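>>> fold the following.
(2 chains)
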There are 2 protein chains.
Amino acid sequence: MSDALTEQISAFKNLQRQLWCKRYLMSVLEFDGETVAPEKGAAARGEAMGALAEERHALTTSTDAAELVAELTDAGSAGKLDTQTAAELRVFTRDQREASAIPLEEEGAFTRLTTEANAVWLKAKHANDWASFEPYVDRIVESLKRQAGYLDSTRDPYDVWLDQYERGMDAAAYDAFFTQVRETVVPLVREIAAHGIEPVPAFARALVPADAQLAQARDLLALEGLDMAGTALSQVEHPFSDGFAPGDVRVTTHIYETDALSNAFSILHEGGHAIYEQNVDPAYAYTVLGEGTSMGIHESQSRFFENYIGRSRAFMGQLLRIMRAHASEAYAGVTEDDLYRAVNRAECGLIRMEADELTYPLHIMLRYDIERMLFAGEATAKDIPALWAKLTRDYLGLEVPDDAHGCLQDTHWSGGSFGYFPSYALGSAYGAQYLAAMRAAGIDFEGACASGDLAPVRAWLRENIWRHGRAMDAPELIERSCGGAFDASFYCDYLARKFSGLYGL
Amino acid sequence: MSDALTEQISAFKNLQRQLWCKRYLMSVLEFDGETVAPEKGAAARGEAMGALAEERHALTTSTDAAELVAELTDAGSAGKLDTQTAAELRVFTRDQREASAIPLEEEGAFTRLTTEANAVWLKAKHANDWASFEPYVDRIVESLKRQAGYLDSTRDPYDVWLDQYERGMDAAAYDAFFTQVRETVVPLVREIAAHGIEPVPAFARALVPADAQLAQARDLLALEGLDMAGTALSQVEHPFSDGFAPGDVRVTTHIYETDALSNAFSILHEGGHAIYEQNVDPAYAYTVLGEGTSMGIHESQSRFFENYIGRSRAFMGQLLRIMRAHASEAYAGVTEDDLYRAVNRAECGLIRMEADELTYPLHIMLRYDIERMLFAGEATAKDIPALWAKLTRDYLGLEVPDDAHGCLQDTHWSGGSFGYFPSYALGSAYGAQYLAAMRAAGIDFEGACASGDLAPVRAWLRENIWRHGRAMDAPELIERSCGGAFDASFYCDYLARKFSGLYGL
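A predicted model of the protein is given here:
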C-alpha cells in the first residue's frame, strides 16, 4: 500500500472516530436528560445538542471529508481497500451525500418547526385539541416533501422517507405487506372478539415493589444474554435503549408497581435492542459501521425477544421462575398456561403503545394509510380525525372517543417522523422469517426457550444480524440470513397459528 | 462602538460559549461515569474525555483566540470595554496564558503518568504497599516543579501550585495560617481528649432506610435554598457536586442506612457547593465567569452550610425536625442538646474524610508540611511514611498502624494535585470571617438557623460571594465582603469558643 493511501485511510478512520464521539456525546446528553437532569437544565442541554449536531454536520460535509472520500473511492475502484474500509466508505459516502443534500436553512427551519410542533402537540394532547396542532402537520408534510426532493428528486417523496427508515422499502412493498396483514389479522381479531377474551387475571395486577421488579429486570437481561458489566439500567417515563459505545449500552424501564408484566416485557424488548448493539463486530468500534443498521432491523431484535421468545408457550416456565424469584407470593398457584394466556390477551384497544402482539400491526397500518394519503395529496391534516375514526372502526372495530385517544396519541408526527411507523410493523414481521431460518438451521427454538439457555438463538442472530452492524442494509441481511427476500407470509402464518391455537379457533 | 469591535466582542462571547459547551460535556460525562455508566464503558468515556480536553485546549490557545485577545486588550486599554467583557477578558487571558505555558508533550506525559499513578495508588492502598507507589510521587513532584517553571519561573514551584488552587496564596501565607491553627487547635484537642468524649449515641446509628434518607436530603437542600427544579440528586460511591449550566446543578450522596447523619451533613456540604454555582450572576452564563472562582472559596461555601450553620446549636431544632419527618422512631426522645453533642464529637482519628470540624485542619496541616518538604527538597517519597507517623503523633496524638490508614488514604497525590489540600482548610477558615461580617451587617445568624429561614444568610452570600463567579479572585472577594484581608484569628477564635463551650473547658 502506498504511503499516501495509508495516510488517507488513517485520516478516514480518525474522521469516523470524531464522528463517533459526537454521536456518543449526544447519546449521553439525551440519556442524562431522560433519566436525571433537572427540569431547568433543558435549555443548556439544547444548546450543547445543537452545537454537537452542527459539529457532526460540519465533519461529515467538510471539503476535507469530500476530498478524502473522492481519493478513497478511487483507491476502492482500483481494488486497493480491504473489505471493512470499503464498507465504511460506502456507508460514509451515503451519510455524506444525504447530509449535504438538504440546504442548511431548510434543515434549520425544519428543526425550529418540529421543536415548536412538539411543544404544541404535547399541549394539544393534554387539551384534546387537534385544531391547534393541525396546521403543523400540513407544514411538516410540505417541508418533508421538499426535503425528499433534495434527497432524491426522481422518487415519490413518501418512498424517499420510507427508504430512509428502512433501506430498500417503498410504498409498493409496504402496500403488499399490509394487504397480507389486513387479510390475516383483521378477520382473526374479529373472530377472537366474537369468541370472547378472558379478563385480566388478578396475578397480573399484583403489587410487586420497584426493587423486586428491578431484580426481575436484571435476571431477564442476563437470561437474554446481555453482558451486564457493559449494561446500565435506569428508570424513565418512556422506556428506550441505546448503544453508546463498545462496552456501554443503556436499557431503561418504567416501573408500575401493580403491573410487573409490563416491566418484564418492556425489559425483554429494550434488552433486544441493547444486545444487538452489544454484539456488533468489535472491529467496527468507533467507525460508521459500529451500530445497528436500521429502524426495522432494530425493532426486529427487540420484538424477537419480547414476542417470539418472551410470549412463547415454551418460555413461560423461565418467565414464571424469574417473576417468582423476586415476588413469590404474587404468582402463587399460577400455572404456565395461566401466564401464557395472560401475556397473550388479543384485545383491540385504542392506544398503540398498549397493543398486544396480534393487534399491534393494525395500529401501524392505520397510521401508514393516513401518511400515504397526506403525501399523495389525497388528504390534509384537517381530514385526519375523520380518517382516524373510520380506520379505527375498520381495523379495530372501535369508536374513537376523542383525539387524545386517537390521532394525538403519538409524538412521531410532531417530530417530523413520517415513514417511521411502518418500520415497527416490519420489524415485528422479520422475526417470523428468522424463526423459520433458525429451525431450518436445526436450532431447537422451543428447547432453548424452555431451558432458558438461549445461546443457540443468540449464535444465529449474532452470526446473521448483529455482527454486521451497518455494513449491510436490511434487504441484504434478510436475503443472506433467511435465504430469500422478506416475505410477509411467515409473519401472517405465525400469527394465525399462534392465536388460533390460543383461542381454540 | 465600532463595527469591528462589536464583531470582536461577539466572536469572543461565541468562543466562551464553545468553551462552556466543552466543560459542560466533560461534566456530564464525569457525572454519568460516577453515577450510572457500566464498568466496561470507561474506555469509551476516556476517549471522549480526551477529545474534549484537546478541543478545549485548542479553542483556548488557537492563533485566532490569541489575536482576539490582543485586539480586545487594546480596546480595553482604550476604555472601550464594558465591565463584564473586561472581566471576561482578564480571566480568559489568564486561562489562555496558563494553558499555553506548559508544552503539550509535558502535559501529555503528565496525564499518562498520573493515570498510571492513580491505578497503582488504588492497588497500593488496598495492599497497604507504599513501596509500589513511592516512585510515582517523586516523578510527579519532579514534573510539577518543571511545570511550575513554565507557569512562572520567577516563583518558588510550590508557591506556583498553591496559587493555582487559591489565587493570592503562597507558602508564607499558609505557614502563618497553619501556625495559628496549630497553636489553637492542638492544645484544644488534647484538652478535650483528656476531658473525655462521650460515646456515639445509639440514635446516630439507628436504621434509616435509603428512601427516608433521600427524603431528608431533599428537605435539607430545599431548606438551604437550592432551586430544586434546577437540582438533580444522585447516589454515588464518593459524593461530589457540580454546576453544569444555568438551571442545572448536581448533588450526590452516599447513603449508609445506619448513619443517617453522615448523609445529612454530606448533603449540607454538597448543597453549599451547588447553591454557589446556582447563584452566579445569570449575566455570566456561558462565559468564563459563570462558575465558582476557586477551590478555597468553593470549600468555604460547602463548609459554611455544613459546619457554621449545620453544626450550630441554633440549627439543631431544624435538623431534628427534618430527620424526624422521615424517620420519627429513630429520633424518639432525642433532644437538641443530644443532637448538638452527637454531631460535634471532637475525636482524633486517622482518616481525614471522617474527621470532625475541629480536628479536620490538623489532617490538612500534616499533608501541607509534607508537600512543603517534598517541594523544598527536604524530603523525598521514601521519607513520607516516617513523616506521616511523626506528624500524626504530634498533631493528632495517634499511632499510624499502616500506610493504608496513613499516607495512602487520599487519592490527591496520585492525581498530581499537590497544593490542593491547603485550600480545604482555608475554605473552612473563611467561614468564620463571613460570620463576623454577617453579624456586623446586622444579620441575626442564630435566629436564621433556629427558624430555618436562611434568606438573610443567603442574601449576604449571594451579594458578597456567589454572584461574582470568577469575576473576582479570592483575596478581592474576602477583602470586599469582610472589610479586610483573610485573618485566621476569626477561625481560631470560633473553634476555641465553640469547642470550649461544648466540652465545658
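>>> mind listing what A:Glu191 touches?
A:503, A:505 (CB atoms under 8 Å, 6 or more residues apart in numbering or on different chains). Yep, even glycine has a C-beta here, placed from its N, CA and C like the rest.
>>> let's see it at 10 Å
A:Glu191 sits next to A:499-500, A:503, A:505 when contact means CB atoms under 10 Å, 6 or more residues apart in numbering or on different chains.
>>> secondary structure element for it?
Using DSSP states H and E, A:Glu191 maps to helix A:171-195.
>>> immediately after that helix, which helix or strand?
Following helix A:171-195 toward the C-terminus (DSSP H and E): helix A:210-224.
>>> can you check what angle separates the following helix or strand past that next one from helix A:210-224?
With elements assigned by DSSP H and E, the helix or strand that comes after helix A:210-224 is strand A:231-235. Between strand A:231-235 and helix A:210-224, the angle comes out at 150 degrees (axes from the mean of the first three to the mean of the last three CA atoms, to 10 degrees).
>>> is strand A:231-235 anywhere near chain B?
Yes: contact of strand A:231-235 with chain B (CB under 10 Å from any CB of the partner chain) involves A:231-234.
>>> only the buried residues of the helix or strand just after that strand, if you could.
Sequence-wise, the next helix or strand downstream of strand A:231-235 (DSSP H and E) is strand A:241-245. Residues of strand A:241-245 classed as buried: A:241-245 (neighbour count, 16 or more other CB atoms under 10 Å in any protein chain shown).
>>> which ones among these also lie next to chain B?
Okay, of the buried residues of strand A:241-245 touching chain B (CB under 10 Å from any CB), that's A:244-245.
>>> for the buried residues of strand A:241-245, which one is nearest chain B?
Of all these, A:Ala245 has the smallest distance to chain B: 3.2 Å, by CB to the nearest CB.
>>> now the buried residues of strand A:241-245 in a markdown table, with pLDDT and distance to A:Thr63?
Below are the buried residues of strand A:241-245 laid out as a markdown table (pLDDT from 0 to 100; distance: CB to CB, whole Å):
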| residue | pLDDT | distance to A:Thr63 |
| --- | --- | --- |
| A:Ser241 | 96 | 37 |
| A:Asp242 | 95 | 32 |
| A:Gly243 | 96 | 31 |
| A:Phe244 | 95 | 30 |
| A:Ala245 | 92 | 29 |
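>>> longest single helix anywhere in chain A?
Identified as the longest helix of chain A according to DSSP state H is helix A:3-35.
>>> what about the residue nearest to A:Phe177 when sequence neighbours are not counted, how many residues nearby?
Leaving out its chain neighbours, the residue that sits closest to A:Phe177 by CB to CB, 6 or more residues apart in numbering or on different chains is A:Ala488, at 4.8 Å. For A:Ala488, the count of nearby residues is 22 (other CB atoms under 10 Å in any protein chain shown).
>>> check A:Leu261 too.
Neighbours around A:Leu261, by other CB under 10 Å: 20.
>>> name the SS class of it, please.
What DSSP: H, G, I helix; E, B strand; the rest coil gives for A:Leu261 is helix.
>>> and it, how far from B:Ser328?
Distance, A:Leu261 to B:Ser328, by CB to CB, to the nearest Å: 36 Å.
>>> go on, A:Arg182?
Taking CB to CB, one finds A:Arg182 at 62 Å from B:Ser328.
>>> what about those two, which has more around it?
A:Arg182 (17 against 10).
>>> circling back: so of the buried residues of strand A:241-245, which two are at opposite extremes in space?
A:Ser241 and A:Ala245 (13.8 Å; CB to CB).
>>> shared neighbours of those two, which are they?
Common neighbours of A:Ser241 and A:Ala245 (CB under 10 Å, 6+ apart) are A:Glu277.
>>> surely A:Lys498 meets A:Asp356?
No: under the criterion of CB atoms under 10 Å, A:Lys498 is not in contact with A:Asp356, lying 11.3 Å apart.
>>> name the residues contacting each of the two.
In contact with both A:Lys498 and A:Asp356: A:307, A:311, A:344, A:346, using CB under 10 Å, 6+ apart.
>>> how many residues are close by the third one?
I take that to be A:Asn344. Counted with other CB under 10 Å, A:Asn344 comes out at 19.
>>> can you report how many residues lie near the closest residue to A:Ala381 other than its chain neighbours?
Closest residue in space to A:Ala381, ignoring its immediate chain neighbours: A:Val137 at 3.7 Å, by CB to CB, 6+ apart. Applying other CB under 10 Å, we find 22 residues neighbouring A:Val137.
>>> about what we covered before: how about the longest helix of chain A: buried residues?
A:5, A:8-9, A:11-12, A:15-16, A:18-35.
>>> the residue in the stretch 251-400 of chain A positioned nearest to chain B in helix, strand or coil?
Taking CB to the nearest CB, chain B has its nearest neighbour within the stretch 251-400 of chain A at A:Tyr286, 7.6 Å off. Of the three states, A:Tyr286 takes coil under three-state DSSP.
>>> so between A:Lys498 and A:Asp356, which is more surrounded?
A:Lys498 (21 against 17).
>>> phi, psi of the more buried one?
phi -60, psi -50 (degrees, to the nearest 10).
>>> OK, contacts around it?
A:Lys498 neighbours (CB under 10 Å, 6+ apart): A:188, A:307-308, A:311-313, A:344, A:346, A:357-358, A:432.
>>> let me have those residues in TSV, adding pLDDT as columns.
Output for the contacts of A:Lys498, formatted as TSV (pLDDT from 0 to 100):
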residue	pLDDT
A:Leu188	96
A:Asn307	98
A:Tyr308	98
A:Arg311	98
A:Ser312	98
A:Arg313	98
A:Asn344	97
A:Ala346	94
A:Glu357	97
A:Leu358	97
A:Ala432	98
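>>> in helices, which of the residues you listed appear?
Short answer: the contacts of A:Lys498 in helices (DSSP H) are A:188, A:432.
>>> a markdown table for the contacts of A:Lys498, including distance to A:His254?
Formatted as a markdown table, these follow (distance: CB to CB, whole Å):
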| residue | distance to A:His254 |
| --- | --- |
| A:Leu188 | 30 |
| A:Asn307 | 19 |
| A:Tyr308 | 23 |
| A:Arg311 | 19 |
| A:Ser312 | 24 |
| A:Arg313 | 27 |
| A:Asn344 | 22 |
| A:Ala346 | 23 |
| A:Glu357 | 20 |
| A:Leu358 | 23 |
| A:Ala432 | 28 |
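>>> show the buried residues in the contacts of A:Lys498.
Buried, going by 16+ other CB under 10 Å: A:188, A:307-308, A:311-313, A:344, A:346, A:357-358, A:432, out of the contacts of A:Lys498.
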